[in-house]
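Visitor: A predicted structure for the sequence below; I have some questions about it.
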Amino acid sequence: MEKVVITGMGTVNPLGNSVEQTWENATKGVSGIGPITCFDPENFLVKIACEVKNFDITEYIDAREARRRDRYQLFGTAASAQAIKHSGLEINEGNAARVGSIISAAIGGLTAMEIGIVDVHTDSPRRASPFLIPMMMPNGSAGLTSIDHGAKGPALSVASACASGQDGIGLAWTLIRAGVIDAAFAGAAEATITKVAVAAFDRMQAMSRKSLGEATPRPFDKNRDGFLMGEGSAIFMLESESHAKKRGANIIAELAGYASSADASHITAPSETGAGGAQAIKQALDSAGVNPDEVGYISAHGTGTPLNDASETAAIKSAFGQQAYNIPISSTKSMTGHMMGATGALEAMFCALAIRDGILPPTINYAEPDPVCDLDYIPNKARESKIKVAISNAFGFGGHNAVLVLRKYE
């Protein structure tokens, strides 16, 4: 089978509205936290989040069209436009059927959904927007990207909770390797800084209730107390190696492997042993033909919740054995917050950039080691390290585990 390579990237997230701005802030350990402005949090115990800032969608589409798209779709619109521009790929009638749009969302248009429900229940059925259904659809970003750019190959969205982005990228990888398509937009978009989402995750005791100025989230730290909500989109342009080389594309990195698994144990709690995560890691490495001792960096799921971080640490130890103690690991959710389905896609992007630049992003807010989490989590400051292979973990409610393997292109 052919190699799958990355030729373009685009992102909008709490650290920046472009790939390079985001990467600069991530390597500097900048926090994307601020007060919640997406809604009035006066009656909420959680009052801070990682929102996208200074975002102007009219750089990509006109204001009239923007009003017909949910917030998560606007993020996907921007990231997709950046990715194809970065790649230099031109979609035309000759190749359109060979270009896919696999852009996932764990939830989809939650902002539009909340507004629609309130309008109908408190006012009138006639208050429902005629655009409400396409704004709500979790496949909406995939469909709109295909429309915006004329991509006529498969247009799909994978919903596997917080593993959605990884699984969508993995599906695109599978389709390209199988020869079904030559190229694909691949990634995810999400916008869940809403009243319902914040209230529901807080009721599950999954969110940090710290105030602005306090160190949070704190992945892998002994005093971690949950995640903060993030939002945004991260999208790759993936191509088969031969397709990319034929058109003289700049290849950023190889997407070398992918695997997914299920814990089959609990709808929200990860397996204490990390068995499902370990299985996905091992299978992803096998699919890439990578030995465990070749891995130079792990982008952890690292939510900052007591259960996840302990389980993921156990999974890494199970997959790598003693070698786990030699691999630098970081959770960039300490800076971006938890972007739900989109986070894994952004974290895979950080892997590609780490391979490109030889810089590993840090886990900020790390202060006190936890005996249960005793690996190298790149505390607080980025680290220079020339690596050839990185893996990105994403684990989600439902027991979903997805792992991507990225490799230096040679």
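Guide: Received, thanks.
Visitor: what about the helices in the chain?
Guide: Taking DSSP state H as the criterion, the chain contains helices spanning 19-27, 63-66, 71-87, 110-122, 132-136, 140-149, 164-177, 195-203, 241-246, 275-288, 306-320, 333-336, 343-357.
Visitor: let's have the ones you listed in a markdown table, adding mean neighbour count, distance to Val46 and mean pLDDT.
Guide: (C-beta placed from N, C-alpha, C; glycine too.) Below are these laid out as a markdown table (neighbours: other Cβ atoms under 10 Å; distance: least, Cβ to Cβ, whole Å; pLDDT from 0 to 100):
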| stretch | mean neighbour count | distance to Val46 | mean pLDDT |
| --- | --- | --- | --- |
| helix 19-27 | 20 | 23 | 98 |
| helix 63-66 | 12 | 28 | 97 |
| helix 71-87 | 26 | 19 | 98 |
| helix 110-122 | 17 | 16 | 95 |
| helix 132-136 | 19 | 24 | 97 |
| helix 140-149 | 23 | 26 | 98 |
| helix 164-177 | 27 | 23 | 98 |
| helix 195-203 | 17 | 5 | 98 |
| helix 241-246 | 16 | 43 | 98 |
| helix 275-288 | 22 | 27 | 98 |
| helix 306-320 | 23 | 17 | 98 |
| helix 333-336 | 30 | 15 | 98 |
| helix 343-357 | 27 | 18 | 98 |
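Visitor: Throw the ones you listed into CSV and include distance to Ala253, thanks.
Guide: As requested, the helices of the chain are exported to CSV (distance: least, Cβ to Cβ, whole Å):
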stretch, distance to Ala253
helix 19-27, 13
helix 63-66, 32
helix 71-87, 13
helix 110-122, 32
helix 132-136, 34
helix 140-149, 22
helix 164-177, 13
helix 195-203, 32
helix 241-246, 12
helix 275-288, 12
helix 306-320, 21
helix 333-336, 20
helix 343-357, 4
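Visitor: could you give the number of residues near Ala234?
Guide: 34 (other Cβ atoms under 10 Å).
Visitor: need the contact list for the nearest residue to Phe39 once chain neighbours are set aside.
Guide: By the measure of Cβ to Cβ, 6 or more residues apart in numbering, the closest residue to Phe39 outside its immediate chain neighbours is Lys195, 5.2 Å from it. Counting by Cβ atoms under 8 Å, 6 or more residues apart in numbering, Lys195 makes contact with 39, 44, 114.
Visitor: one more: Lys381?
Guide: Lys381 neighbours (Cβ under 8 Å, 6+ apart): 29, 362.
Visitor: what's the domain layout of the chain?
Guide: 4-253, 257-407 (automatic domain parsing).
Visitor: check the offset of the last one from the chain's centre.
Guide: Averaged C-alpha coordinates place domain 257-407 at 12 Å from its chain's average position (Cα atoms, centre = their mean, to the nearest Å).
Visitor: what of the longest one?
Guide: Going by Cα atoms, centre = their mean, the spacing between the C-alpha centre of domain 4-253 and its chain's C-alpha centre is 8 Å.
Visitor: can you give me the end-to-end span of that domain?
Guide: 9 Å (Cα to Cα, to the nearest Å).
Visitor: pretty sure Ser287 contacts Ser260?
Guide: No. Applying Cβ atoms under 8 Å, one finds Ser287 not in contact with Ser260, separated by 10.7 Å.
Visitor: and the pLDDT for Met1?
Guide: Met1 is assigned a predicted lDDT (pLDDT) of 85.
Visitor: look up the residues forming beta bridges with Trp4.
Guide: Check again: residue 4 is Val, not Trp. Under the criterion DSSP bridges, Val4 forms beta bridges with Ser240, Leu255.
Visitor: again with Val403
Guide: Bridge pairing for Val403 - DSSP bridges - gives Ala259, Asn393.
Visitor: what residues are up against it?
Guide: Counting by Cβ under 8 Å, 6+ apart, Val403 has contacts 166, 257-260, 277, 280-281, 283-284, 391-394.
Visitor: 10 Å instead, please
Guide: 163, 166, 170, 257-261, 277-285, 287-288, 298, 301, 315, 319, 344, 348, 391-395 (Cβ atoms under 10 Å, 6 or more residues apart in numbering).
Visitor: also Asn17?
Guide: Counting by Cβ under 10 Å, 6+ apart, Asn17 touches 10-11, 52-56, 59, 75, 78-79, 82, 232.
Visitor: for it, what are phi and psi?
Guide: Phi and psi for Asn17, reported as degrees, to the nearest 10, are phi -110, psi 20.
Visitor: pLDDT wise, what is it at?
Guide: 98.
Visitor: one more: Asp123?
Guide: 89.
Visitor: my guess is Gly187 meets Ile84, correct?
Guide: No. The pair Gly187 / Ile84 is not scored as a contact, 11.9 Å apart, by Cβ atoms under 10 Å.
Visitor: who touches both of those two?
Guide: Shared contacts of Gly187 and Ile84, counting by Cβ under 10 Å, 6+ apart, come down to 10, 145, 235, 237.
Visitor: the first one and Leu255, how far apart?
Guide: Using Cβ to Cβ, to the nearest Å, we find Gly10 at a distance of 16 Å from Leu255.
Visitor: same question for Gly398.
Guide: For Gly398, the distance to Leu255 - Cβ to Cβ - is 24 Å.
Visitor: again with Pro292
Guide: Pro292 is 19 Å from Leu255, by Cβ to Cβ.
Visitor: between those two, who's got more neighbours?
Guide: Leu255 (29 against 16).
Visitor: okay, now Gly296: neighbour count?
Guide: 21.
Visitor: kindly apply the preceding question to Pro369 instead.
Guide: 14.
Visitor: that one contacts Thr313, correct?
Guide: No. Applying Cβ under 10 Å, one finds Pro369 not in contact with Thr313, separated by 11.5 Å.
Visitor: residues shared between the contacts of these two?
Guide: 220, 375, 377.
Visitor: state the pLDDT value of the last one.
Guide: Predicted confidence (pLDDT) for Tyr377: 98.
Visitor: again, but for the one 3 residues further on
Guide: The confidence metric pLDDT takes the value 98 at Asn380.
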